[in-house]
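Asks: Predicted model and sequence follow; I will ask about them next.
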Amino acid sequence: MASTASSNFALSSTSSSTSTAGNVRRVAALRCGPRDNRGPLLKGRILSTEAIQAIQALKRAYKTDPTNLPTNQLSRLIKSDLTAAMKELLRQDQCVLAARVFSTIQSEFGADLDMYAEMVVALARNGLTAEIDLLVDEMEKGGRIVCDESRGLLRLVKAAIAAGRKESTVKIYRMIKRKSNYEMEEYLGRVLSRGLRRFGEEKLADEILLELGRLYKGIYVKP
């Protein structure tokens, strides 16, 4: 498989977050599939035999040595299997393992903004908010934001704001600004403006409203 980009994003088994250790130790004992007692898998999360084997291999390796997770088995999977494995691990709140799968997806195929948004939601749910900033920082350094992915971009913005990550929200906005010839969608702009205003970034919030006023003349945009 040809590598389109590299990714350095990975979660340590000993995160600086106060709740990380508890989360990591708890989820390591969880099992994938119907025995998990979490209900049936959702659409888009049907696991192939290869994906299940990869998840099981990651869990076994994590129990033995959390600092040395294998990637060779992951690199042999097709993108749909990797995506399904990542979604299943996130569903089980196994963020460390999901991050390893995400990193493989990014390096082998490139991750879309929906995947970034799902990672942010799961990290926030598990109290790993500092890791959200690391993820967005890695995205910024790699120039990986694609404004044409309007649905994924909106999900990512909403997830960062809901997680209370001011720094990440500002970085996402700046990445959007750097995209030439991009015209921000009106709803996305309102969400971003309100979120930035909530974080005390009044200047940036007003800047977005001015841009929306220019793009959508005649449409009243509430601050």
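Replies: That came through fine.
Asks: Need the single longest helix in this protein, by residues.
Replies: As assigned by DSSP state H, the longest helix anywhere in the chain is helix 49-64.
Asks: How about the contacts made by Met139?
Replies: Met139 is in contact with Tyr116, Ile145, Met175, counting by Cβ atoms under 8 Å, 6 or more residues apart in numbering. For glycine as for every other residue, the C-beta is placed from the backbone atoms N, C-alpha and C.
Asks: Tell me the pLDDT of it.
Replies: On pLDDT, Met139 comes in at 90.
Asks: thinking again about what came up before, which residues sit against the longest helix of the chain?
Replies: 13, 28, 32-33, 47, 68-70, 73-74, 76-77, 81-82, 84-85, 88-89, 94, 96-97, 100-101.
Asks: CA atoms only for the helix or strand following it, dumped as CSV, please.
Replies: For helix 49-64, the succeeding helix or strand toward the C-terminus, using DSSP states H and E, is helix 79-91. Output of helix 79-91 as CSV, limited to C-alpha atoms (Å, rounded to 0.1, in the frame of the first residue of the first chain):
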residue,chain,number,x,y,z
LYS,A,79,-8.9,0.8,4.7
SER,A,80,-12.5,-0.4,5.4
ASP,A,81,-11.2,-3.0,7.9
LEU,A,82,-9.0,-0.5,9.6
THR,A,83,-11.9,2.0,9.8
ALA,A,84,-14.2,-0.6,11.3
ALA,A,85,-11.6,-1.6,13.8
MET,A,86,-11.0,2.0,14.9
LYS,A,87,-14.7,2.6,15.2
GLU,A,88,-15.2,-0.5,17.3
LEU,A,89,-12.3,0.4,19.6
LEU,A,90,-13.7,3.9,20.1
ARG,A,91,-17.1,2.4,20.8
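Asks: Show me how far helix 79-91 is from its chain's centre.
Replies: 12 Å (Cα atoms, centre = their mean, to the nearest Å).
Asks: Run a quick neighbour tally on Leu134.
Replies: 18 (other Cβ atoms under 10 Å).
Asks: That one is in what secondary structure piece?
Replies: Per DSSP H and E: helix 129-142 holds Leu134.
Asks: thinking again about what came up before, now which of the contacts of helix 49-64 would you call buried?
Replies: Among those, the ones that count as buried by 16 or more other Cβ atoms under 10 Å are 28, 32, 47, 69, 73-74, 77, 81-82, 84-85, 88-89, 94, 96-97, 100-101.
Asks: Got the confidence number for the residue nearest to Ala163 when sequence neighbours are not counted?
Replies: Nearest residue to Ala163, sequence neighbours excluded (Cβ to Cβ, 6 or more residues apart in numbering): Ala124, at 3.7 Å. Note on Ala124: pLDDT of 97.
Asks: Contacts only, for Ala124.
Replies: Taking Cβ under 8 Å, 6+ apart as the test, what Ala124 contacts is Ile132, Ala159, Ala162, Ala163.
Asks: Over to Arg151?
Replies: Per Cβ under 8 Å, 6+ apart, neighbours of Arg151: Asp114.
Asks: Over to it. Which of the three states is it?
Replies: When classified by DSSP: H, G, I helix; E, B strand; the rest coil, Arg151 comes out as helix.
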